[in-house]
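J.: With the sequence up front, the predicted model follows.
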Amino acid sequence: MEHLFHLKENGTSVSTEIAAGLTTFFAMSYIIVVNPQILSQTGMPWGGVFLATIIAAVIGTLVMGLFANVPYAQAAGMGLNAFFTYTVCFGLGFPWQQTLCMVFLCGLINIIITVTKIRKMIITAIPPVLQHAIGGGIGLFVAYVGMLNVGLITFTPKDTKAAGKGLPTEAVPGLAVLDKPVLWVFLIGLLLAIVFTLLNVKAGLLLTIVITALVGIPLGVTTMSNSVSIGQTFSQLPTTFGAIFSAKGFPALFSDVSRLPIVLVTIFAFSMSDTFDTIGTFIGTGRRTGIFSKKDEEDMANGSGFSSKMDRALFADSIATSIGAIFGTSNTTTYVESAAGIGAGGRTGLTSVVVSICFILSIFFAPIISAVPAAATAGVLVVVGCMMAASLKEVNWNEITEAIPAFFAAVFMAFSYSISYGIATGFIAYCLVMACKKKANKVHPIVWVVAVLFAIDFALQAVL
């Protein structure tokens with residue numbers, strides 16, 4: 001154990017690492033409930049997504065622990081799964097099989113940029129203000145999804161006849177009347193999630209889901225009528241496993257040349273969100289605790305291949321995304337909830353190994369997990385979104401050249417119900433602001449190229 005994880009060198013022990021692993025798992029375990037609920041709306045089988053989520057988390061986290069020897073856990077990323085469902089599948093009209101193909105390609109791209117200096121170029125090109133805005137915007141988006149999932153936000157169509165026919169029409173948003181059991185259960189869950197988070201209750205978010213689901217039983221919100229057995233989950237896995245290599249996968253994705261620009265932009269959006277979410281988590285928690293030293297960050301920036309611990313951790317993150325897509329889940333990314341385990345003393349990959357074991361054991365609770373209603377998880381989504389929005393504090397809102405692009409990037413993610421559109425407006429606004437301030441020459445060429453690509457995408461959507 002000592003030889004494999006260098007426990008003494010990192011100032012930790014087996015018992016501390018085990019406790020840290022359990023802490024991290026319970027802090028992030030809500031994803032095994034939430035992810036199938038979100039992705040199954042696309043037509044994917046709940047059981048298949050449930051197992052794919054766990055398998056990708058186990059493999060990615062094991063590689064993180066055994067190859068990189070860092071205490072980080074991985075699972076399907078919040079925000080990215082919402083982007084998968086509500087933007088790519090519902091908004092852009094791609095079937096889930098094709099969307100999984102784009103996630104797979106995103107993983108391959110991330111692997112390539114991890115072992116080459118392309119990653120360094122991208123990291124140095126994107127201005128910090130947009131990195132912070134993207135992270136915070138995803139938080140707003142996740143919270144918004146939680147509210148919509150239970151109908152807290154309502155939309156009254158101006159043209160009721162068009163709406164009745166399923167046609168797009170303008171609508172006036174508003175707050176729902178709190179007269180439904182689903183909303184009562186949601187509010188109870190939201191209150192619990194806030195209280196448990198403020199009091200630093202261990203496994204508070206998971207505990208919120210459990211208590212709220214139990215409260216929903218007498219109210220008729222929680223029911224076993226749609227529960228999925230362990231046998232059913234395994235029988236549904238073949239539907240998602242390898243779907244990207246079927247006729248509905250890659251062959252269908254590239255059969256329509258006219259949609260190729262949208263496909264490329266979507267893959268880019270997946271890749272950038274995944275990459276910066278992971279880098280932010282590593283730097284934000286690793287620098288403060290010494291898991292990633294300043295020298296390690298310098299080695300990552302100046303070297304190539306696996307010259308640093310962070311390089312190996314980024315590699316683990318990237319392969320997990322491709323593996324997850326093969327099994328049937330959205331982008332697998334490093335969880336910021338890993339900070340909970342790090343706070344409990346986790347310093348090595350042993351923490352990650354413990355998290356992986358916990359994910360494996362969770363398979364046997366499939367019948368209970370599948371009965372959890374959306375109302376029991378919506379409050380957790382809102383609080384998680386709130387925590388993810390914290391990166392907006394890094395933006396200098398008193399400086400208009402930062403405030404405008406940051407505002408556009410973050411707010412448009414929620415208002416347009418699309419992470420990629422938020423990123424697009426942020427990039428375009430940043431280039432516009434810098435040009436008006438006669439600082440266009442200070443904008444990295446890569447940023448200009450991306451902004452132009454996004455502008456072309458908007459133009460193509462307008463004329464096609």
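T.: Great, that's in hand.

J.: any idea where the strands of the stretch 201-350 of the chain begin and end?
T.: 332-334 (DSSP state E, counting those that start in this stretch).

J.: Now do the helices in it.
T.: Taking DSSP state H, counting those that start in this stretch as the test, the helices found in the stretch 201-350 of the chain are 204-215, 230-240, 250-253, 260-289, 294-302, 309-327, 338-343, 349-361.

J.: Name the residues that touch the first one?
T.: What it means is helix 204-215. Residues outside helix 204-215 that contact it (CB atoms under 8 Å, 6 or more residues apart in numbering) are 26-27, 29-30, 33, 185, 188-189, 192-193, 196-197, 201, 222, 371-373, 375-377, 379-380, 383-384. The C-beta positions use only the backbone N, C-alpha and C, and glycine is treated the same way.

J.: list the buried ones in it?
T.: Neighbour-count burial for helix 204-215, with 16 or more other CB atoms under 10 Å as criterion, is recorded at Gly204, Leu205, Leu206, Leu207, Thr208, Ile209, Val210, Ile211, Thr212, Ala213, Val215.

J.: what's the closest of the helices of the stretch 201-350 of the chain to Leu51?
T.: Among the helices of the stretch 201-350 of the chain, helix 230-240 comes nearest to Leu51, with 4.9 Å by CB to CB.

J.: among the contacts of helix 204-215, which ones are buried?
T.: Looks like the contacts of helix 204-215 have 26-27, 29-30, 33, 185, 188-189, 192-193, 196-197, 222, 371-373, 375-377, 379-380, 383-384 buried, using 16+ other CB under 10 Å.

J.: Which of those fall in helices?
T.: Using DSSP state H, the subset of these located in helices is 26-27, 33, 185, 188-189, 192-193, 196-197, 375-377, 379-380, 383-384.

J.: I figured Met44 hits Leu237, correct?
T.: No. Applying CB atoms under 8 Å, one finds Met44 not in contact with Leu237, separated by 11.0 Å.

J.: which residues do these two both contact?
T.: Common neighbours of Met44 and Leu237 (criterion: CB under 8 Å, 6+ apart): Gly328.

J.: ok, those two, which is more surrounded?
T.: Neighbour count, other CB atoms under 10 Å: between Met44 and Leu237, Met44 has more, with 28 against 20.

J.: how about the more buried one, what does it touch?
T.: Contacts of Met44 by CB under 8 Å, 6+ apart are Trp96, Thr239, Thr240, Gly328.

J.: One more: Lys309?
T.: Neighbour list for Lys309: Ala68, Asn69, Val70, Ile291, Phe292, Asp296 [criterion: CB under 8 Å, 6+ apart].

J.: With Met413 instead?
T.: Met413 neighbours (CB under 8 Å, 6+ apart): Gly137, Ile138, Leu140, Phe141, Ile419, Tyr421, Gly422, Ile423.

J.: Neighbours of the residue lying closest to it once chain neighbours are set aside, how many?
T.: Spatially, and ignoring its direct neighbours in sequence, Met413 is nearest to Gly422 (3.1 Å; CB to CB, 6 or more residues apart in numbering). Using other CB under 10 Å, Gly422 has 29 neighbouring residues.

J.: buried set for the strand or helix carrying Gly422?
T.: For Gly422, the host element (DSSP states H and E) is helix 419-436. Buried positions in helix 419-436, judged by neighbour count with 16+ other CB under 10 Å: 419-431, 433-434.

J.: Can you name every helix or strand that the next helix or strand after it contacts?
T.: Remark: after helix 419-436, the chain's next helix or strand is helix 445-463, criterion DSSP H and E. Identification of packing neighbours for helix 445-463 by 3 or more CB pairs under 8 Å, 6 or more residues apart in numbering; DSSP states H and E yields helix 118-125, helix 260-289, helix 419-436.

J.: in helix 445-463, what's buried?
T.: Val447, Trp448, Val450, Ala451, Phe454, Asp457.

J.: With stretch 83-96 instead?
T.: Quick answer for stretch 83-96 (16+ other CB under 10 Å): Phe83, Phe84, Thr85, Tyr86, Thr87, Val88, Cys89, Leu92, Phe94, Pro95, Trp96.

J.: which one among those residues gets closest to Glu2?
T.: Phe84 (41.1 Å).

J.: Columns mean pLDDT and distance to Ala390 on top of the helices of the stretch 201-350 of the chain, output as CSV?
T.: Shown next, in CSV, are the helices of the stretch 201-350 of the chain (pLDDT from 0 to 100; distance: least, CB to CB, whole Å):
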stretch, mean pLDDT, distance to Ala390
helix 204-215, 85, 16
helix 230-240, 91, 33
helix 250-253, 94, 36
helix 260-289, 75, 10
helix 294-302, 68, 21
helix 309-327, 88, 21
helix 338-343, 76, 12
helix 349-361, 93, 23
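
J.: Closest to the centroid, which residue in the protein?
T.: In the chain, the residue lying closest to the centroid (CA atoms, centre = their mean) is Gly77, at 2.5 Å.

J.: dump the residue contacts of that one.
T.: Listed by CB under 8 Å, 6+ apart, the contact set of Gly77 reads Ser273, Asp274, Asp277, Ser330, Asn331, Thr332, Thr333, Tyr335.
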